[in-house]
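Q: prediction below, plus the sequence it came from.
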Amino acid sequence: MYKQRWVISASLWVALTGAAVLPSTAIALNDNCANAHVRPMGYQFSQVGNNTTRYYRFLAAGGASYHVHSSPVGTNDGAPEFCAIDNWLDATCTISAGALYGDEDTNDEGSDGDGFIATSSGVHTTAILNSPEISAFNCETIIQETTLFSPWFFREVANGYDGFVEIRNNHSDTVAGIVVTAFASSGVATGSTTISIPGNGTALVQVSTLGAPATGYGSVRIATPQRPGTIVANITTLSGITGLSFDAPFSRRESPYQ
Amino acid sequence: MRKHRWISRAAILATLGGVAFLPGTALALNDTCANAHSRPLGYQFTLTGSGINRYYRFFAASGASYHVNSAPVGANDGATEICNVDVFRDSTCTTLASSGTLGDEDTEDLGGDGDGFVATATQAHTAVVGLGAQPTAFSCATIIQETTLFSPWFFREVANGYDGFVEIRNSDTLTATGVVVTAFASSGAATGSTTISIPGNGTALVQVSALGAPATGFGSVRIATPQKPGTIVANITTLSAVTGLSFDAPFSRRVSPYQ
């Protein structure tokens, strides 16, 4: 579809200007925010350098969560090789996404992981720094979505049905900033809550506390700025009156390159 | 976040030493433990040679389980290409974690080796990959993976008959040993654990009430499995014969970013 639009645009341009269409594009080093290179979600890429900062652009969706991870693939003798990350919620590197989440206890040596929840749909930017060393080394980097989805809860107050969202933190320290959002079957968000979970702890959230309608079914989204795999979850819908119960585990929305 | 820690360290060093921060780093072959190269979890890498040993460093978390797999990507006609793995629990190659007792399941690759272990401390570990001697150099493709499984949920209420049943299957044809099942209260405190063996294609059943779970409350379960990923699959069914209710919470593996 985009190809057809491009061909039409090009034809118009040629007709109007009489010039051949050659987009004025030059290869530019991505050593500043304006020249950031595009990286698709879930695509692993390598940056070779030494005291080098490079910028990468990616698209994030409002309400979803993301995590950027970068690890040195070491070649130096005993060196403290570090790969460091900074994330921004925009294309101009103006609003920092923060650095509070993402370094879980499964961290790799000398690596960095930073996660965030996108507040709006749009272009975001990450910067990767290779620490100063005598020799250049590789930072292997991947930008991933971490949002979890469960397809089903059922609520019927008259017969005692409610959905219970069970959320485990697989990390050994407390994780914070986890946003649990319920959706009606129409796709309308009914409510959300932001929680923290102690290391190896389990949290329980009832969908009835998230504004779910008194009768109806829907789904739940969990935005988790932690590293993928840190948070696992399940919904159990049950009724103490009828004795029926059903389970709907959460799964992560992965990217094509994973 | 690490960037800020790193900058702080660099600034302190520069202040104290009065010098620009340039770590004294030189390229070194990773043919000794001290010169091990770092490799992130889930990152596949290739070592090419013949009759050589190379060392790799990785970070493991206490209580979690890991597996190192290395297999030849053959180039020799009819040759017996072998990739061998040894794993140490430290960065000095002092305490052997595994050298072949766990991790070689029946999905083993030709000439490959897999070694797994359950970490007893959160720290740097070391893997040694050895290539058998051949007239021609060949490649060993290696990956270091976490294998720990987690389930988010059990519920226990003695008064109403609720208990959690952890169902664990061994997908290998040989007995799997050293599988550690640990229950956690909702606070995150470990309540108890058991180490089990499961016969080939067998299923084990562990009640969370046998793991010290509180008489009333909910929690979760971790399974540390030193076997190759996919060897152990598991689920928790919570049920009450009194109320007739039951719920299921399947286990999933904590994968690494590069997988």
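A: Cool, the structure landed.
Q: below-threshold pLDDT in chain A: ranges please.
A: For chain A, the stretches with pLDDT under 70 are A:1-26, A:75-79, A:105-107, A:258.
Q: domain assignment for it?
A: A:28-145, A:148-251 (automatic domain parsing).
Q: save those as CSV, and put in mean neighbour count and distance to B:R254 too.
A: C-betas here are computed from N, CA, C, even on glycine. Formatted as CSV, these follow (neighbours: other C-beta atoms under 10 Å in any protein chain shown; distance: least, C-beta to C-beta, whole Å):
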stretch, mean neighbour count, distance to B:R254
domain A:28-145, 20, 7
domain A:148-251, 20, 4
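Q: put together TSV for the ones you listed, with distance to chain B on each row.
A: Converted to TSV, those look like this (distance: least, C-beta to the nearest C-beta, whole Å):
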stretch	distance to chain B
domain A:28-145	3
domain A:148-251	4
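Q: adding distance to B:G63, write those domains out as JSON lines.
A: Below are those laid out as JSON lines (distance: least, C-beta to C-beta, whole Å):
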{"stretch": "domain A:28-145", "distance to B:G63": "10"}
{"stretch": "domain A:148-251", "distance to B:G63": "8"}
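Q: strands of the stretch 151-259 of chain B, start to end?
A: Secondary structure of the stretch 151-259 of chain B (DSSP state E, counting those that start in this stretch): strands at B:162-170, B:176-185, B:190-198, B:203-207, B:216-224, B:232-240, B:246-250, B:252-253.
Q: and for the stretch 1-150 of chain B?
A: Going by DSSP E, counting those that start in this stretch, the stretch 1-150 of chain B shows strands at B:37-38, B:45-49, B:52-60, B:65-73, B:83-88, B:96-98, B:113-118, B:123-131, B:138-146, B:149-157.
Q: let me know which of those strands is the nearest to B:I196.
A: strand B:113-118 (12.6 Å; C-beta to C-beta).
Q: what about the closest one and chain A, touching?
A: No - judged by C-beta under 8 Å from any C-beta of the partner chain, strand B:113-118 makes no contact with chain A; its nearest approach is 14.4 Å.
Q: angle of that strand against strand B:65-73?
A: Orientation note: strand B:113-118 sits at an angle of 170 degrees relative to strand B:65-73 (axes from the mean of the first three to the mean of the last three C-alpha atoms, to 10 degrees).
Q: who's in contact with strand B:113-118?
A: With C-beta atoms under 8 Å, 6 or more residues apart in numbering or on different chains as the test, strand B:113-118 has contacts from B:63-71, B:82-87, B:89, B:97-100, B:102-105, B:108, B:127, B:147, B:178, B:180, B:224-228.
Q: out of those, which are buried?
A: B:63-71, B:82-87, B:89, B:97-99, B:102-105, B:127, B:147, B:178, B:180, B:224-228 (16 or more other C-beta atoms under 10 Å in any protein chain shown).
Q: ok, which of these also contact chain A?
A: Counting by C-beta under 8 Å from any C-beta, the members of these near chain A are B:G63, B:A64.
Q: rewinding a little: for A:V205, which of the strands of the stretch 151-259 of chain B is the nearest?
A: strand B:216-224 (12.2 Å).
Q: now that closest one: buried residues?
A: Applying 16+ other C-beta under 10 Å to strand B:216-224 flags B:F218, B:G219, B:S220, B:V221, B:R222, B:I223, B:A224 as buried.
Q: so who does the residue positioned nearest the centre of chain A touch?
A: Against the mean C-alpha coordinate of chain A, by C-alpha atoms, centre = their mean, the closest residue is A:Y66 at 1.5 Å. Shown in contact with A:Y66 (C-beta under 8 Å, 6+ apart): A:41, A:58, A:60, A:87, A:115-118, A:124, A:143-146, A:225.
Q: if the residue nearest to the spatial centre of chain B is in a bridge, with which residues?
A: Compute the mean C-alpha point of chain B, and by C-alpha atoms, centre = their mean the closest residue is B:Y66, 1.3 Å away. With DSSP bridges as the criterion, B:Y66 is bridged to B:F117, B:E146.
Q: hmm, it is touching B:E146, no?
A: Yes - counting by C-beta atoms under 8 Å, B:Y66 does reach B:E146; the two are 5.6 Å apart.
Q: overlap in contacts of those two?
A: Common neighbours of B:Y66 and B:E146 (C-beta under 8 Å, 6+ apart) are B:L41.
Q: tell me which parts of the stretch 51-200 of chain B are close to chain A?
A: B:57-59, B:61-64, B:122, B:124, B:146, B:148, B:150-153, B:184-190.
Q: show me which of these are buried.
A: Buried, going by 16+ other C-beta under 10 Å: B:57-59, B:61, B:63-64, B:124, B:146, B:148, B:150-153, B:184-186, B:188, out of these.
Q: thinking again about what came up before, what is the nearest of the contacts of A:Y66 to B:T243?
A: A:T146 (35.6 Å).
Q: ok, the closest one - how many residues close by?
A: As a burial measure, A:T146 scores 26 neighbours (other C-beta atoms under 10 Å in any protein chain shown).
Q: who touches it in this structure?
A: A:S65, A:Y66, A:H67, A:G115, A:A223, A:T224, A:P225, A:Q226, A:R227, A:P228, A:I231, A:R252.
Q: with adjacent residues omitted, what lies nearest to the third one?
A: What it means is A:H67. A:G115 (3.9 Å; C-beta to C-beta, 6 or more residues apart in numbering or on different chains).
Q: how much space separates the one you found from B:V208?
A: The gap separating A:G115 from B:V208 is 31 Å, by C-beta to C-beta, to the nearest Å.
Q: how about stretch B:28-45, does it get close to chain A?
A: Yes - applying C-beta under 8 Å from any C-beta, one finds stretch B:28-45 touching chain A at B:A28, B:A34, B:N35, B:A36, B:H37, B:S38, B:R39, B:P40, B:L41, B:Y43, B:F45.
Q: okay, buried residues for that stretch please.
A: Within stretch B:28-45, the residues scored as buried using 16+ other C-beta under 10 Å are B:28, B:30, B:33, B:35-43, B:45.
Q: just those now: which is nearest A:I197?
A: Nearest member of the buried residues of stretch B:28-45 to A:I197, counting by C-beta to C-beta, is B:L41, at 22.5 Å.
Q: now do the contacts for the closest residue to that closest one other than its chain neighbours.
A: Using C-beta to C-beta, 6+ apart and skipping residues adjacent in sequence, the residue nearest B:L41 is B:S256, 3.9 Å away. Shown in contact with B:S256 (C-beta under 8 Å, 6+ apart): A:T106, A:G229, B:P40, B:L41, B:G42, B:Y43, B:Q145, B:E146.
Q: possible to save those residues as TSV with distance to B:E167?
A: Formatted as TSV, the contacts of B:S256 follow (distance: C-beta to C-beta, whole Å):
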residue	distance to B:E167
A:T106	26
A:G229	22
B:P40	33
B:L41	27
B:G42	27
B:Y43	32
B:Q145	23
B:E146	22
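Q: just flag the most distant two among those.
A: A:G229 and B:Y43 (15.1 Å).
Q: partners of residue 162 in the sheet?
A: The chain I'm using is chain A. Bridge pairing for A:D162 - DSSP bridges - gives A:L238.
Q: that answer is for a different chain, and I need it for chain B
A: B:E157, B:S240.
Q: state the distance from it to chain A.
A: 12 Å (C-beta to the nearest C-beta, to the nearest Å).
Q: what is the burial count for that residue?
A: Around B:Y162 there are 24 residues (other C-beta under 10 Å).
Q: which one of the contacts of B:S256 is nearest B:A213?
A: A:G229 (23.8 Å).
Q: dump the residue contacts of the residue nearest to that closest one when sequence neighbours are not counted.
A: The spatially closest residue to A:G229, leaving aside those adjacent along the chain, is B:R254, at 3.9 Å (C-beta to C-beta, 6+ apart). By C-beta under 8 Å, 6+ apart, the contact list for B:R254 reads A:T106, A:N170, A:G229, A:T230, B:A64, B:E146, B:T148, B:L149, B:F150.
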